[in-house]
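[1] Give the three-dimensional model of this entry:
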Amino acid sequence: MQSAELNYHHLRLFWEAARSGGLREAAERLDLSQPTLSAQIKTLEESLGEKLFERSGRGLKLTAKGRQVMDHAGRIFALGGEMIRSLSEGGPAMSPRLNLGVTQSLPKLVSWRLISKAVHEMPGLHFTCHEGQAADLVGQLVSGRLDVVLADESAPASLRVRAFDRVVDRSRVVFCAANPLARRWKADFPKSLNQAPVVLPSMHSAWRRELDRWFESKKITPRIAAEFDDSALMKTAAADGLGIVPIASSVLEEAVDRYDLTPFGPPVQCRFESHLITLEKTLRHPALAALTAASHKESA
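    Residues are numbered from 1 along each chain as shown. Sure, this is the predicted structure:
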């Protein structure tokens, strides 16, 4: 990036064009000619030393750097709006913000159980939730784009900076299924799981590795009906009768209510863990303290 100071007017024009999906729509909304808008965005690109748009057929699409600038611009203008509101008579104070990364392999019910604690304890909290692969999210944490990452495993040992890892949920596994399947496989549990149809998290997830180790320790070989990256879709498939699904005991009640699943057999000694990863040893953000206060850790 070049050393010139950022022109926020040009940044705003770029942001409006990116939000509109093209120059023509943005120019009409901003009451500018399309050549004028295009020239000012080009000036912004030159000042940043980065190409923000590239041609795609008859339109434009954001480059990787353009998406990054778009993300920062959105936060900048949201903060500006909050500043104006806070300065107006009777305006509210600026809302606390939390940029949160959640790995795709962490079940949605577990994620929300943790996040909702912070939301309920901080009514004004404005949080942004980004979902992705652990390595990508931890990279965004290092670059300062995220405040915290919720994951189903610890931060990678290869990380070049020191990360702090806290286990905020440790639950045993309860197997559930649609009611007819649950009645069928309840007898002689857990041996009944041998060759029984199961739906499982995908192979790359830490929770799947834990399940595979448990099956092996019990000499159980289930029939894998399907594997899912999306835990909500996995539960929906199980509720539709596709197979038996493992559920973290900390969210068993919600899973039963939302997906009409029936638990069978006692919780098994297979641990599902959730990790809160930060770059700070001391959790300065008040929402993170609320997140850790929501911890659920079952005894062995």
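[2] can I see the domain layout of the chain?
    With domains defined by automatic domain parsing, the chain comprises 8-87, 97-169+274-297, 171-271.
[3] got those domains as JSON lines, with mean neighbour count and mean pLDDT columns?
    Glycine gets a C-beta too; all of them are placed from N, C-alpha and C. Shown next, in JSON lines, are those (neighbours: other CB atoms under 10 Å; pLDDT from 0 to 100):
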{"stretch": "domain 8-87", "mean neighbour count": "15", "mean pLDDT": "81"}
{"stretch": "domain 97-169+274-297", "mean neighbour count": "18", "mean pLDDT": "81"}
{"stretch": "domain 171-271", "mean neighbour count": "18", "mean pLDDT": "93"}
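[4] Partner strands of the top strand by length along the chain and their direction?
    If you go by DSSP state E, the chain has its longest strand at strand 164-177. Applying DSSP bridges, strand 164-177 is found paired with strand 245-248 (antiparallel), strand 262-263 (antiparallel), strand 268-278 (antiparallel), strand 296-297 (parallel).
[5] Of all these, which one comes closest to H120?
    Closest approach to H120 among those (CB to CB): strand 296-297, 15.5 Å.
[6] got the CA coordinates for stretch 221-232 in PDB?
    Output of stretch 221-232 as PDB, limited to C-alpha atoms (Å, rounded to 0.1, in the frame of the first residue of the first chain):
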ATOM      1  CA  THR A 221     -18.400 -50.900  13.000                       C
ATOM      2  CA  PRO A 222     -21.400 -48.800  12.200                       C
ATOM      3  CA  ARG A 223     -22.700 -48.400   8.600                       C
ATOM      4  CA  ILE A 224     -22.000 -44.800   7.700                       C
ATOM      5  CA  ALA A 225     -25.100 -43.500   5.800                       C
ATOM      6  CA  ALA A 226     -23.800 -40.000   5.300                       C
ATOM      7  CA  GLU A 227     -21.200 -37.500   6.500                       C
ATOM      8  CA  PHE A 228     -21.800 -33.800   6.900                       C
ATOM      9  CA  ASP A 229     -19.900 -30.500   7.300                       C
ATOM     10  CA  ASP A 230     -23.100 -28.800   8.400                       C
ATOM     11  CA  SER A 231     -24.300 -30.100  11.800                       C
ATOM     12  CA  ALA A 232     -27.800 -28.700  11.400                       C
END
